[in-house]
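S.K.: Kindly return the folded structure for what I paste below:
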Amino acid sequence: MPPSPRPSRARRGSVLACAVAAAGVLGLAAAGAADPPTATAKSPNLITAFNITGVQCVPGPANTVRARVRLWMRVVNYGPGRDWADRMEAKVRLESTEPGINIHSNWRGWKTPALLQDTKYFQRWDLLTEPKSGTAEWKVHVKLIWHRKAPIPNVTKDVYRSFAGNCATSTGALPPPAPALPSTNSGGRSAGTG
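M.R.: I've put the predicted structure just below:
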């Protein structure tokens, strides 16, 4: 009797297992070739904190108003060789809340001098927005930025507060801009209070 042209069950099983394994290896290789790893910047690795401590209406001339925004920011920069924020920045502006109107004032803000590694920083700000109409409806937009050296992305927080512009008067006088209050931090290993 001549031998059967069909392979035995054991041989068919091993051939099938080899084919499946080869397909799996080729699939992994193809997937790796199709999706090369992308170079992404490291995620933030520092401790940040902030608080908006007050929003006040300030009357200006000719029925205009400004928002006075008081806030603080903090950063804990890790030790040498680790990621850290090299500056902190706070910006404020008034944005319209009336339907169909997208009017914003320009940003007003301030940025700290260069910050050091392995140091804690605490910064207070007292900022005024640009003057806007006292008869329109506004909200306050506060942008807080912990700047980082590229390619590490900055840490950014956008905070919105309601604003009652009812302090406007037709004869109000525009106060001088409030300066940013510098931190009591001496630049070494220290932290402000608050």
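
S.K.: end to end, how far does stretch 115-133 reach?
M.R.: 38 Å (Cα to Cα, to the nearest Å).

S.K.: likewise stretch 87-105?
M.R.: 24 Å.

S.K.: Averaged pLDDT, that stretch. What do you get?
M.R.: Per-residue pLDDT over stretch 87-105 has a mean of 88.

S.K.: List the neighbours of that stretch that are in contact with it.
M.R.: Residues outside stretch 87-105 that contact it (Cβ atoms under 8 Å, 6 or more residues apart in numbering) are 66-67, 69, 71, 73, 75, 106-115, 121, 123, 125, 127-130, 132, 136-147, 163, 180. From N, CA and C alone the C-beta is placed, and that goes for glycine too.

S.K.: Filter these down to the buried ones.
M.R.: Taking 16 or more other Cβ atoms under 10 Å as the criterion, what is buried in the contacts of stretch 87-105 is 66-67, 69, 71, 73, 75, 108-110, 112, 115, 121, 123, 125, 127-130, 132, 136, 138, 140-142, 144-147, 163, 180.

S.K.: circling back to that earlier point, please flag which of the contacts of stretch 87-105 sit within strands.
M.R.: Secondary structure assignment by DSSP state E places 66-67, 69, 71, 73, 75, 108-111, 121, 123, 125, 127-128, 132, 138-147, 163 of the contacts of stretch 87-105 in strands.

S.K.: Next, count neighbours for the residue lying closest to residue 107 once chain neighbours are set aside.
M.R.: Computed as Cβ to Cβ, 6 or more residues apart in numbering, the closest residue to residue 107 that is not its neighbour in sequence is residue 91, at 4.3 Å. Neighbour count of residue 91, defined by other Cβ atoms under 10 Å: 19.

S.K.: Quickly find the element holding residue 91.
M.R.: Under the criterion of DSSP states H and E, residue 91 resides in strand 87-96.

S.K.: orientation of that strand relative to strand 138-147 in degrees?
M.R.: 160 degrees (axes from the mean of the first three to the mean of the last three Cα atoms, to 10 degrees).

S.K.: okay, the angle between strand 87-96 and strand 120-128?
M.R.: Put simply, strand 87-96 runs at 30 degrees to strand 120-128, going by the same axes, to 10 degrees.

S.K.: looking at this protein, which helix or strand is least sure?
M.R.: Of all the helices and strands that make up the chain, helix 9-34 has the lowest average by mean pLDDT, DSSP states H and E, namely a mean of 46.
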